[in-house]
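In: got a predicted structure plus its sequence, pasted below:
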Amino acid sequence: MCMSFFYCTFADEMESGIKKGLLALSPIFAMVVLLMVNAVIYGGVSNAPLLFIFVVSAMVGVALTRGVSFSERIAIFSRGAGSENLLLMVWIFMLAGAFAATAKEMGAAEAMVNVTLRFLPAKFALAGLFLAACLTSLCMGTSVGTIVALMPIAAGLADKTSMTLPLVAAAVVGGAFFGDNLSFISDTTIVSTQTQGCKLSDKFRFNIKMVLPAAIVGTVLYVFLGAEASEASLSTFHFQLSTFTKVLPYLAVLSCAAFGMNVLMVLSLGSLLTLVTGWADGSYDLMGWTNAALTGVMGMSELILISMLAGGIFALIRYNGGLEFMIDLIIRRVKTRAGAEWSICGLVAFANICTANNTIAILSVGDIAKRVAEQFDIDPRRSASLLDTTSCCIQGILPYGAQLLMASGLAGISAMSIVPWLFYPALLALTVVITVIFPSLNRHLSHS
């Protein structure tokens, strides 16, 4: 009878924990349902109104939070929506919008595209843009900064050629995650190596062999996809001094970013340069520049709201134990080394979905991943690489992640319209799968 009592109590606690965990995840379920319903109503996922979906999901999260007053629920939501990382992203959004709008108003985007296509045939422009994003992100260590620097140029390329804007935007986003995953100054690289206890250089050597094939395949793919791009629009282009003057803001932004300057300083400098060069060549006066900058900032308002709503929603999920529930669910039945590696990937993937930030996701599960890796004798370089690469795969396809929101805002398209063209994150995911299924491919690294 005593054993029966303890069994029933344990079963009741298990059932209660599962119900509580599922309840904590209800905003995510609401997002998925609303996304599908709106996709049917509006004729496609890319047309679904993300802001509406996040507002309703936030209401669901607040309503289903238990054990605290309504005021405290709002406070939890607000702390998440106004966190330090999110507010930093808001500043980046605003400055990026101002820079993109003022540069476009003075003709800098068109000039940069003309110069780019003058030296790079249009049929290789897409692959060249992907490689430029790879190299820029490797130098900068930030995917967001890379997208800010290259998206206006990408949008201009799409306008000058026959390539679709979502495809061109996806090439930039994909390349941006190449460096985010590998750069020595990338937040994800630093956090993953620190949590797993390995050197940056060791992780780089392991990780580059994982992802370089994906980058090569991606480049080849973009060569074929851009092969039909039209070059007819370049027939009337002539080199002029004013053309090179107009591209100075972009060259400055790319150069400063490559040397590791803070992204806020880079964008501020770029905006000031658009004022100087635009005023000098008569593109606009101070009032015209101000109006263009304000228009750019206002154009980012929806993205800012979505980002803050996402931060608030996932703060509620964490408060209600949703993250801990999924962590326990994933690692409970791990028995093999491969299972342990899948659990590491699953943990960081779910944390990334819940936080929409790959750095925070790695921080959230890094200690747990280290314990799992130690228990199953997984090399720290391997676990760090799996954490970083998986988080970049997930972050690269999140329509409410900062990268896709930034890209869609600067391009003036829906974030969901970019997702189907994101080949590089899919190739990254394939490399993770191959690495886990065929560990012998990297065995020489584990014992070097």
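Out: Arrived safely.
In: walk me through the domains of the protein.
Out: Annotated domains of the chain cover 20-81+302-446, 84-300 [automatic domain parsing].
In: mean pLDDT lowest where, among these?
Out: Mean pLDDT values for the domains of the chain show the minimum at domain 84-300, a mean of 80.
In: end to end, how far does that one reach?
Out: Taking CA to CA, to the nearest Å, domain 84-300 runs 19 Å from one end to the other.
In: now stretch 272-286
Out: 11 Å.
In: got it, and stretch 179-187?
Out: 11 Å.
In: show residues contacting that stretch.
Out: 134-143, 146, 188-189, 200-201, 204, 207-208, 211, 260, 358-359, 388-389, 392, 395, 428 (CB atoms under 8 Å, 6 or more residues apart in numbering). From N, CA and C alone the C-beta is placed, and that goes for glycine too.
In: now the buried members of those residues.
Out: Buried subset of the contacts of stretch 179-187 (neighbour count, 16 or more other CB atoms under 10 Å): 134, 136-143, 146, 188-189, 200, 204, 207, 211, 358-359, 388-389, 392, 395, 428.
In: now, those residues that are in helices?
Out: Taking DSSP state H, the ones among those that sit in helices are 134, 136-140, 143, 146, 188-189, 200, 204, 207, 211, 358-359, 388-389, 392, 395, 428.
In: how about G174, nearest residue that isn't a chain neighbour?
Out: Counting by CB to CB, 6 or more residues apart in numbering, G174 lies nearest to Y424, which is 3.0 Å off, once chain neighbours are set aside.
In: tell me the contacts of that neighbour?
Out: 130, 173-175, 177-178, 214-215, 218, 396 are the contacts of Y424 under CB under 8 Å, 6+ apart.
In: and the strand or helix carrying it, what's buried?
Out: Following DSSP states H and E, one finds Y424 within helix 423-437. By neighbour count on 16+ other CB under 10 Å, the buried set for helix 423-437 is 423-425, 427-429, 431-432, 435-436.
In: for L398, see how far away the spatially closest residue to A214 that is not a sequence neighbour is.
Out: Nearest residue to A214, sequence neighbours excluded (CB to CB, 6+ apart): L427, at 3.7 Å. According to CB to CB, to the nearest Å, L427 stands 17 Å off from L398.
In: again with A349
Out: Separation of A349 from L398 (CB to CB) stands at 11 Å.
In: with P425 instead?
Out: Taking CB to CB as the measure, P425 falls 10 Å from L398.
In: what of V365?
Out: For V365, the distance to L398 equals 17 Å [CB to CB].
In: same check on L131?
Out: 24 Å.
In: of those two, which one has the most company?
Out: L398 (21 against 18; other CB atoms under 10 Å).
In: next, give phi and psi for that one.
Out: L398 adopts backbone torsions of phi -80, psi 120, taken as degrees, to the nearest 10.
In: which residue is the nearest non-sequential neighbour of it?
Out: Spatially, and ignoring its direct neighbours in sequence, L398 is nearest to A356 (5.7 Å; CB to CB, 6+ apart).
In: which strands and helices sit next to the helix or strand hosting E72?
Out: In this assignment (DSSP H and E), E72 forms part of helix 70-81. Applying 3 or more CB pairs under 8 Å, 6 or more residues apart in numbering; DSSP states H and E, we find helix 70-81 packed against helix 50-64, helix 301-319.
In: what's the first helix or strand after it?
Out: By DSSP H and E, the next helix or strand past helix 70-81 is helix 84-105.
In: may I see the buried residues of that next one?
Out: Quick answer for helix 84-105 (16+ other CB under 10 Å): 86, 89-90, 92-105.
In: swap in stretch 282-297?
Out: In stretch 282-297, counting by 16+ other CB under 10 Å, buried: 283-284, 288-289, 292-293, 296-297.
In: just checking, L430 touches V211?
Out: No: assessed by CB atoms under 8 Å, L430 is found out of contact with V211, at 10.5 Å.
In: F178: what's it in contact with?
Out: F178 neighbours (CB under 8 Å, 6+ apart): 133-134, 137-138, 211, 215, 424.
In: spatially, what comes nearest to it if we skip its sequence neighbours?
Out: Counting by CB to CB, 6+ apart, the residue nearest F178 is C134, at 4.0 Å.
In: is it true that that neighbour touches V172?
Out: No: C134 lies out of contact with V172 (CB under 8 Å); the separation is 10.1 Å.
In: hmm, back to that, the helix holding E72 to helix 50-64, inter-axis angle?
Out: Going by axes from the mean of the first three to the mean of the last three CA atoms, to 10 degrees, helix 70-81 is angled at 140 degrees with respect to helix 50-64.
In: thank you kindly, that will do.
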